Structure formats: structure tokens, C-alpha cells
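In: Turn this into a model:
(one chain, ligands or ions: 2)
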Amino acid sequence: MSIREASADTPIARAAEAAVVARSGGDIWPRPSACRIITIANQKGGVGKTTTAVNLAASLAMHGGRVLVIDLDPQGNASTALDVDHHSGVPSVYNVLVEGQPLSAVVRPVTGFQHLYCAPAAIDLAGAEIELVPMVARESRLARALASYDAASLDYILIDCPPSLGLLTVNALVAAPEVLIPIQCEYYALEGLEQLLRTVELVRSHLNPPLSVTTILLTMYDARTRLASQVADEVREHFGAVVLGAVVPRSVRVSEAPSYGQSVMTYDPGSTGALAYLEAAKELARRNVQQPGS
Ligand code: ADP
Ligand code: MG
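Out: Ligands and ions are numbered 1, 2, ... in the order given. Next up is the predicted model:
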């Protein structure tokens, strides 16, 4: 099913839309005037990149947004959480980056949502990091694929990066004007951030002038520890307004959801984790920084 078909004005589409509106409590958020492409990056593993990509995408899609998640991590965790087949051999982001196939050939609809899609990552993507090295314009393969994709039918593209600053992450940074950095509220959280910001700056100055860190999300906040609030304060002091007001708490429900092939937004919508991601997504939608001409 293509995105066009899914969004066609048919009785089924209208019924599905009504169901989505009901599930969102009838609350439809403002849509950006043009598709916002947001890269979710942090070279540290386990800081909540994938969880953030999946749950922000689900939240936005539940409130009228048309959203594509691009899974750029060979481990395919975002594909798993969205229950999109990504076993070896399935058309995936690998075929797009390495073989130059169109993105539309690998994008799949996510079950249970009317306008949520996923470009899955299979394990073969691990080889892409090396296979891309000798290629022409190796840093811009994803940007090119997105340029020839019909992004007008989407409101958001969220790119979930692997835990490294290799060619896959660089491709994501070249493909998007916005970077969202999840920061885990733990000791060492800020370590490595400087290197990430340096990479963003290098990509901005050489390959993608509009690139900037537009959003920081504090994740895995444990209210029982003073350390968490110290890290949060430090991040806010340092980064100011780009830090979202919403903070995602450490929550078992958040970590359970992927094993059911679900976002926490559908697995347990009333849980503290789901409510925090809902709030974060609402802020993201309202801070529509990518206005035409800006
Ligand atoms: P990354 O993509 O940066 O490697 P993940 O999103 O995969 O990080 O998160 C790492 C692990 O922590 C996963 O097992 C995930 O389920 C869990 N996790 C993420 N966010 C939370 C949270 N708010 N509360 C509890 N567990 C979380
Ligand atoms: Mg991940």
C-alpha cells in the first residue's frame, strides 16, 4: 500500500481517521507547513534514541500527523518496536543506501496507525558502513533518496541513528535540517556530547548548512536520585530553550512495549512514560521551527 492509497479519501480511510481522532481524545495537533525531517542522534548506545523515535512518531501519528520512521540502525530496534518485518533479505534501508533503490520501495505501513510508516533496517545494513566508503557522494546517499521521495505526503520524517558517528549517522545528519539529541539523565551523560556537537558542526559547515540541534530530550529520568535532577539542570543551563520541558521518566512500561511490537503509546497509553512522550511530541509539534523561508 502506498502512502497515497493510505491517505485516499475513501470510506475506510475516513473511518480509520475517525478512530485515530477518537484514540487521541479528538485532539489534532498543528501540522507543519512542510515535512520536518528530524535526525535522532547520540553516538552513545542505550540513551533512548530508538525509544524516542518510535514513541514520538506514534504520538504524532495519533494526533493527525503523517509520519515516517527511517531505521538507520543495523540492529533494527525501531523496526521491531513498530512490528515491521526486517529479517535479512527484506527490502530495507540497505537497498536504498547501497544499491540506490528508491525509498518508496522499502517503506511499509505500521499496523494500527493510519499514517505511520517505517523504512526498516535489516542486519545487512551493518555492512553499509564499509560498503559506502568507496562510493561517490557517500555522505549524501540518504539525502538523495529523500530528495526523490514524495515527502509532500508526510508531516514528519524521524531518522533513528545507530550508536556511532560513522557514515550512517553522517548520512542522517546530511539528510535533515533538524537534530534531536536524547540525553540520559545519568552520570557520564554529557560525556561524548561535545564530540557529537563537533560532528554536527562539521556536517553543517561542509555538507548541510541548514543543520542545527533544534531539540534535546531528557530521558530515563529517575526522580528518586539527585543525580538525575543535577544532570537535567546542567543540560538546561547549557542548552537553554532547545531542551523540551517534558522529561521522560524511567518506566518499566516503556521498556516492555517493544517486546510486544508496540510503542508505549499503544501498549499502555496511561503510563507515565507514554504521557511524557505525548507531552514531548506535543511540544515538538508546536515548536514548528521549519517555517517556509526560514
Ligand atoms: P538507543 O536507541 O539510544 O540505543 P534505546 O531507545 O534502545 O536506546 O533504549 C535502551 C534501552 O533502555 C532499551 O531497552 C529501552 O527499552 C530502555 N528504555 C528506553 N527509555 C526508557 C525509559 N524511559 N524507561 C525505561 N527504559 C527505557
Ligand atoms: Mg537504538
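In: can you map out the strands along this structure?
Out: Under the criterion DSSP state E, the chain carries strands at the ranges 36-40, 67-71, 108-109, 116-119, 156-160, 178-184, 212-221, 243-249.
In: Could you single out the most deeply buried of those?
Out: Among the strands of the chain, strand 67-71 has the highest mean neighbour count (mean count of other C-beta atoms under 10 Å), at a mean of 29. In this view, the C-beta of every residue, glycine as well, is placed from N, C-alpha and C.
In: correct me, but residue 166 touches residue 129?
Out: Yes - with contacts counted by C-beta atoms under 8 Å, residue 166 reaches residue 129, the gap being 5.0 Å.
In: just to revisit the earlier point, the strands of the chain into JSON lines, with extra columns for distance to ligand 2 and mean pLDDT?
Out: Below are the strands of the chain laid out as JSON lines (distance: least, C-beta to the ion, whole Å; pLDDT from 0 to 100):
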{"stretch": "strand 36-40", "distance to ligand 2": "9", "mean pLDDT": "98"}
{"stretch": "strand 67-71", "distance to ligand 2": "9", "mean pLDDT": "98"}
{"stretch": "strand 108-109", "distance to ligand 2": "19", "mean pLDDT": "97"}
{"stretch": "strand 116-119", "distance to ligand 2": "14", "mean pLDDT": "98"}
{"stretch": "strand 156-160", "distance to ligand 2": "6", "mean pLDDT": "98"}
{"stretch": "strand 178-184", "distance to ligand 2": "10", "mean pLDDT": "97"}
{"stretch": "strand 212-221", "distance to ligand 2": "12", "mean pLDDT": "97"}
{"stretch": "strand 243-249", "distance to ligand 2": "15", "mean pLDDT": "97"}
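In: Make TSV out of these and add distance to ligand 1.
Out: Compiled in TSV, those are given as follows (distance: least, C-beta to the nearest ligand atom, whole Å):
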stretch	distance to ligand 1
strand 36-40	8
strand 67-71	10
strand 108-109	20
strand 116-119	15
strand 156-160	7
strand 178-184	7
strand 212-221	5
strand 243-249	5
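In: would you list the ones you listed in TSV and tack on distance to residue 201?
Out: Shown next, in TSV, are the strands of the chain (distance: least, C-beta to C-beta, whole Å):
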stretch	distance to residue 201
strand 36-40	14
strand 67-71	23
strand 108-109	34
strand 116-119	27
strand 156-160	19
strand 178-184	11
strand 212-221	10
strand 243-249	19
